[in-house]
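>>> Sequence and computational prediction follow.
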Amino acid sequence: MSVRPDPSRLTALNHGIQPWNQRPAYQTYKSPFGPKYATEPHFHGISLRQAAKYGTTAAGFGAVAGVFAIFFFAEVPRVREDIMKKVPILGSYFNVEIAPEDNPF
């Protein structure tokens, strides 16, 4: 048993498909006594307040990751010579002196 569309609803313009519902052309009523509100501007759903919060969090994680990477690679001779010895307070800690009996040269 097939279900046929109602022929009275079919038109040549719509080819058997009902048109979409359209919004009314008038604005909805906004009471002058109600709260004054406005939508917050956003970019793809992220407002400026959320972007600042996410940016602060990302900057914190980035700083911690950078400090971790510097101290993780601090014993690599190139990093020790070029970066770690130039840090004002920690520079003397990274001066590596090899004992004469351990020096093969």
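On my side now, so go ahead.

>>> can you give me the strands in this protein?
Listed in chain order, the strands found in the chain under DSSP state E are 42-43, 46-47.

>>> Out of the ones you listed, which one sits most buried?
Per residue and on average, the most neighbours among the strands of the chain fall to strand 46-47, with a mean of 12 (mean count of other C-beta atoms under 10 Å). Glycine gets a C-beta too; all of them are placed from N, C-alpha and C.

>>> how much space between Pro100 and Ala74?
Distance of Pro100 to Ala74, given as C-beta to C-beta, to the nearest Å: 25 Å.

>>> oh, I was asking about Ser47
40 Å.

>>> Low-confidence stretches in this protein?
Residues of the chain that meet the criterion pLDDT under 70 lie in 1-16.

>>> biggest helix in it, by residue count?
For the chain, the helix that runs over the most residues, judged by DSSP state H, is helix 48-72.

>>> For Leu87, the count of nearby residues, please.
That one is not Leu; residue 87 is Val. Val87 has 13 neighbours, counted by other C-beta atoms under 10 Å.

>>> got it, and Ile83?
Using other C-beta under 10 Å: Ile83 sits among 14 other residues.
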